[in-house]
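[1] here are the coordinates; sequence isn't available:
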């Protein structure tokens, strides 16, 4: 538009000279510049209305560090329309919005793949898509919005935790030992030959076709323990030299624990009081895990609920023989009294202390040592460290590790 304004000013100056002097050359220049302004304006208006543009996204959920993929398709409606159009995605994420230039040739849909970078977890808006059209002389540049703004959810990163131990509550179906069930369950751990009296529902048809004889599944008792994951989102506890990395480490650790045990068939719940108060009762299934991950994507460490009060609230929700994983950056040991109360109720506790520094300290935090002294598995991890390799156990006995971390046998298909 700046070029058009400059040309318009020049045209008006030429008109003044033409009227003042009467020279034909100024009058011809006025006609040329005027027609050029009108023609270019009509061109961009026809181009903006004569192009059909659409955008499709595979999903509105992704994980931090993984881009969101979308496809933009453009098609011209009239044969005389030629040229280039620019499309650009709109988002409130702190990233440079992706875009592309599309050339219009023929009547076939021209498709362009865009990747929206998603470096941080959270709730964001994406769209509408912006379409920019300009004339061949670059005098005008019109903008058109495509679609509506939508909400996009970026989940925290769920990492593998090979050395993490969450003590089971010693209920049937837990631990590395398989307890056979007399009924059909959702958990099958081995195959055997068919014998008279076996239920037809237990037949594994894939294994039967592969081995050439009838094979049935051996079922085990499903895990009956409820697992609660407590994420400390108090603002004061999450303040430290590492800044927001402390909060992100707490959330990523909670997401990793939830994913680890939900994938193994345990009912998992979440308790976190931050910018929002989340209390999600333990359940099974991928839809329930998705609900937990949505909550962890939204929560921020701006709450005022102390960990002591958070654990006290949890004690009213859980029954006997429950497993609890507490993830906290708090160095205050007041909440240890609540941990003792849960232990008296036969709850199995595991604590992960997120250190406020980005580098591991020479010695573990005092609160982590005191937790381990209670006989509770305790871990430490520096803020922003890799969860898979940076998790360090404090005061764990090899006997407990060998008993509960033994590899689980492969499940039958």
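    Perfect, thanks for sending it. All values reported here derive from a predicted model rather than from experimental measurement.
[2] end to end, how far does stretch 142-161 reach?
    Start and end residues of stretch 142-161 are separated by 52 Å (CA to CA, to the nearest Å).
[3] ok, now stretch 240-248?
    Stretch 240-248 end-to-end distance (CA to CA) = 13 Å.
[4] for it, buried residues please.
    240, 242, 245, 246, 247, 248 (16 or more other CB atoms under 10 Å). C-beta: built from backbone N, CA, C; applies to glycine.
[5] which one of those residues sits closest to residue 103?
    residue 248 (41.5 Å; CB to CB).
[6] would the closest one count as being in a helix?
    Yes. Counting by DSSP: H, G, I helix; E, B strand; the rest coil, residue 248 is found in a helix.
[7] sorry, back to before: now the two most distant members of the buried residues of stretch 240-248.
    Largest separation among the buried residues of stretch 240-248 by CB to CB: 240 and 248, giving 12.4 Å.
[8] any common contacting residues for those two?
    residue 383 (CB atoms under 8 Å, 6 or more residues apart in numbering).
[9] so among the buried residues of stretch 240-248, where is pLDDT lowest?
    When these are compared by pLDDT, residue 240 scores lowest at 86.
[10] now for residue 303: which residues touch it?
    Taking CB under 8 Å, 6+ apart, one finds 233, 234, 235, 273, 274, 275, 277 in contact with residue 303.
[11] correct me if wrong: the fifth one contacts residue 237.
    Which is residue 274. No. Proximity of residue 274 to residue 237 does not meet the contact threshold set by CB atoms under 8 Å, at 10.7 Å.
[12] and for these two, which residues touch both?
    residue 301.
[13] narrow the contacts of residue 303 to those that are buried.
    Buried among the contacts of residue 303 by 16+ other CB under 10 Å: 233, 234, 273, 274.
[14] hmm, back to that, out of the buried residues of stretch 240-248, which one sits closest to residue 11?
    residue 248 (57.4 Å).
[15] you'd agree residue 311 is up against residue 328?
    No. Using CB under 8 Å as the test, residue 311 is too far from residue 328 to be in contact (9.7 Å).
[16] shared neighbours of those two, anything?
    What both residue 311 and residue 328 touch, as defined by CB under 8 Å, 6+ apart, is the set 230, 335.
[17] mean pLDDT per helix and strand in this protein: which one sits at the bottom?
    The helix or strand of the chain with the poorest confidence is helix 398-404; it has a mean of 41 (mean pLDDT, DSSP states H and E).
[18] just to revisit the earlier point, out of the buried ones among the contacts of residue 303, which comes closest to residue 74?
    Nearest to residue 74 among the buried ones among the contacts of residue 303, with distances taken as CB to CB, is residue 274, at 42.4 Å.
[19] ok, and the closest non-adjacent residue to that closest one?
    residue 233 (3.1 Å; CB to CB, 6 or more residues apart in numbering).
[20] OK, contacts around the one you found?
    Contacts for residue 233 (CB under 8 Å, 6+ apart) come out as 247, 250, 272, 273, 274, 275, 299, 300, 301, 302, 303, 305.
[21] let me know the pLDDT of it.
    pLDDT, residue 233: 96.
[22] phi first, then psi, for it.
    phi -110, psi 30 (degrees, to the nearest 10).
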